[in-house]
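Undergrad: Fold the following and give me the result.
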Amino acid sequence: MTTTETGAGAPSSPDVADATAQPLTDHDRGVHGYHKQKDEHLKRLRRIEGQIRGLQRMVDEDVYCIDILTQVSASTKALQSFALQLLEEHLRHCVADAAVKGGDEVDAKVKEATQAIARMLRT
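TA: Numbering: from 1, shown residues only. Below is the predicted model of the structure:
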(Lines give C-alpha, C1' and ligand atoms only; values in the text may rest on other atoms or scores of the structure.)
Protein backbone atom coordinates (compact mmCIF):
# COMPACT_ATOMS: atom_id res chain seq x y z
CA MET A 1 0.00 0.00 0.00
CA THR A 2 1.31 3.47 -0.85
CA THR A 3 1.03 6.56 1.30
CA THR A 4 -1.71 7.91 -0.95
CA GLU A 5 -4.00 4.96 -0.32
CA THR A 6 -6.45 4.87 2.56
CA GLY A 7 -5.17 2.78 5.41
CA ALA A 8 -5.20 2.57 9.18
CA GLY A 9 -4.99 5.97 10.79
CA ALA A 10 -6.31 7.78 7.72
CA PRO A 11 -9.28 10.08 8.24
CA SER A 12 -12.53 8.19 7.92
CA SER A 13 -14.25 11.21 6.44
CA PRO A 14 -13.07 14.14 4.35
CA ASP A 15 -14.77 16.37 6.93
CA VAL A 16 -12.44 15.29 9.76
CA ALA A 17 -8.74 16.10 9.74
CA ASP A 18 -7.84 13.42 12.30
CA ALA A 19 -9.52 11.27 14.94
CA THR A 20 -9.13 13.90 17.68
CA ALA A 21 -10.23 16.90 15.62
CA GLN A 22 -13.74 18.32 15.52
CA PRO A 23 -15.69 17.87 12.29
CA LEU A 24 -15.24 20.72 9.81
CA THR A 25 -18.05 23.25 9.76
CA ASP A 26 -19.44 25.22 6.83
CA HIS A 27 -17.33 28.13 8.05
CA ASP A 28 -14.18 25.96 7.83
CA ARG A 29 -15.09 25.20 4.23
CA GLY A 30 -15.34 28.90 3.36
CA VAL A 31 -19.15 29.05 3.41
CA HIS A 32 -20.14 32.42 4.85
CA GLY A 33 -23.19 33.26 6.94
CA TYR A 34 -24.96 34.99 4.07
CA HIS A 35 -24.61 31.95 1.76
CA LYS A 36 -28.18 30.72 2.24
CA GLN A 37 -29.54 34.22 1.48
CA LYS A 38 -27.15 34.98 -1.37
CA ASP A 39 -29.79 35.30 -4.08
CA GLU A 40 -31.94 37.53 -1.87
CA HIS A 41 -28.94 39.71 -1.04
CA LEU A 42 -27.97 40.08 -4.67
CA LYS A 43 -31.54 41.08 -5.50
CA ARG A 44 -31.46 43.75 -2.77
CA LEU A 45 -28.10 45.06 -3.97
CA ARG A 46 -29.37 45.30 -7.54
CA ARG A 47 -32.36 47.28 -6.27
CA ILE A 48 -30.00 49.64 -4.41
CA GLU A 49 -27.84 49.92 -7.52
CA GLY A 50 -30.98 50.99 -9.39
CA GLN A 51 -31.63 53.64 -6.76
CA ILE A 52 -28.11 55.00 -7.24
CA ARG A 53 -28.55 55.06 -11.00
CA GLY A 54 -31.80 56.93 -10.36
CA LEU A 55 -29.83 59.52 -8.38
CA GLN A 56 -27.45 59.98 -11.29
CA ARG A 57 -30.39 60.46 -13.63
CA MET A 58 -32.01 62.95 -11.27
CA VAL A 59 -28.85 65.07 -11.18
CA ASP A 60 -28.47 64.81 -14.94
CA GLU A 61 -32.07 65.98 -15.37
CA ASP A 62 -31.64 68.88 -12.90
CA VAL A 63 -34.27 67.60 -10.49
CA TYR A 64 -35.00 69.77 -7.43
CA CYS A 65 -32.29 69.26 -4.78
CA ILE A 66 -34.68 68.30 -1.96
CA ASP A 67 -36.12 65.53 -4.14
CA ILE A 68 -32.59 64.22 -4.76
CA LEU A 69 -31.81 64.37 -1.03
CA THR A 70 -34.95 62.36 -0.33
CA GLN A 71 -33.73 59.69 -2.72
CA VAL A 72 -30.24 59.79 -1.15
CA SER A 73 -31.85 59.17 2.23
CA ALA A 74 -33.82 56.20 0.88
CA SER A 75 -30.68 54.73 -0.73
CA THR A 76 -28.68 55.19 2.45
CA LYS A 77 -31.40 53.52 4.50
CA ALA A 78 -31.47 50.58 2.07
CA LEU A 79 -27.70 50.10 2.39
CA GLN A 80 -27.87 50.35 6.18
CA SER A 81 -30.62 47.76 6.26
CA PHE A 82 -28.57 45.44 4.06
CA ALA A 83 -25.51 45.95 6.29
CA LEU A 84 -27.51 45.16 9.42
CA GLN A 85 -28.83 41.93 7.90
CA LEU A 86 -25.31 40.92 6.87
CA LEU A 87 -24.02 41.70 10.36
CA GLU A 88 -26.75 39.57 11.93
CA GLU A 89 -25.83 36.67 9.66
CA HIS A 90 -22.15 37.15 10.56
CA LEU A 91 -22.98 36.98 14.26
CA ARG A 92 -25.22 33.94 13.87
CA HIS A 93 -22.79 32.03 11.66
CA CYS A 94 -19.18 33.15 11.99
CA VAL A 95 -19.13 34.37 15.58
CA ALA A 96 -21.30 31.49 16.79
CA ASP A 97 -19.00 29.01 15.01
CA ALA A 98 -15.98 30.56 16.72
CA ALA A 99 -17.74 30.43 20.09
CA VAL A 100 -18.38 26.71 19.69
CA LYS A 101 -14.71 26.13 18.89
CA GLY A 102 -13.55 28.37 21.73
CA GLY A 103 -10.05 29.67 22.17
CA ASP A 104 -8.62 32.85 20.69
CA GLU A 105 -10.80 32.64 17.58
CA VAL A 106 -13.92 33.75 19.45
CA ASP A 107 -12.15 36.84 20.78
CA ALA A 108 -10.94 37.70 17.28
CA LYS A 109 -14.44 37.30 15.79
CA VAL A 110 -16.08 39.40 18.50
CA LYS A 111 -13.46 42.13 18.02
CA GLU A 112 -13.99 42.00 14.26
CA ALA A 113 -17.78 42.32 14.67
CA THR A 114 -17.38 45.16 17.17
CA GLN A 115 -15.15 47.05 14.74
CA ALA A 116 -17.70 46.54 11.95
CA ILE A 117 -20.45 47.91 14.20
CA ALA A 118 -18.27 50.92 15.05
CA ARG A 119 -17.75 51.61 11.33
CA MET A 120 -21.50 51.39 10.73
CA LEU A 121 -22.20 53.84 13.56
CA ARG A 122 -19.73 56.38 12.16
CA THR A 123 -21.66 56.64 8.90
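
Undergrad: Which elements pack onto the longest helix that the chain contains?
TA: Across the chain, the longest stretch assigned as helix under DSSP state H is helix 65-90. Judged by 3 or more CB pairs under 8 Å, 6 or more residues apart in numbering; DSSP states H and E, the packing partners of helix 65-90 are helix 38-60, helix 104-122. Backbone N, C-alpha and C define where each C-beta goes, glycine included.

Undergrad: Contacts for the longest one, please.
TA: Among residues not part of helix 38-60, those counted as contacts by CB atoms under 8 Å, 6 or more residues apart in numbering are Tyr34, Asp67, Ile68, Gln71, Val72, Ala74, Ser75, Ala78, Leu79, Phe82, Gln85, Leu86.

Undergrad: ok, the first one touching Glu89?
TA: Translated: Tyr34. Yes: at 4.9 Å, Tyr34 counts as touching Glu89 under the criterion of CB atoms under 8 Å.

Undergrad: hang on, the earlier thing: mind checking how far the longest helix of the chain is from the chain centre?
TA: Helix 65-90 sits 17 Å away from the centroid of its parent chain (CA atoms, centre = their mean, to the nearest Å).

Undergrad: need the contact list for Asp107.
TA: Per CB under 8 Å, 6+ apart, neighbours of Asp107: none.

Undergrad: Which pLDDT value belongs to it?
TA: At Asp107, the model reports a pLDDT of 91.

Undergrad: where's it relative to Asp39, distance?
TA: Asp107 is 33 Å from Asp39, where distance means CB to CB, to the nearest Å.

Undergrad: Same question for Asp60.
TA: 31 Å.

Undergrad: Point to the helix or strand of the protein where mean pLDDT is at its lowest.
TA: Between all helices and strands in the chain, the lowest mean by mean pLDDT, DSSP states H and E belongs to helix 96-101, at a mean of 88.

Undergrad: what comes up buried for it?
TA: By 16 or more other CB atoms under 10 Å, the buried positions in helix 96-101 come out as Ala96, Asp97, Ala98.
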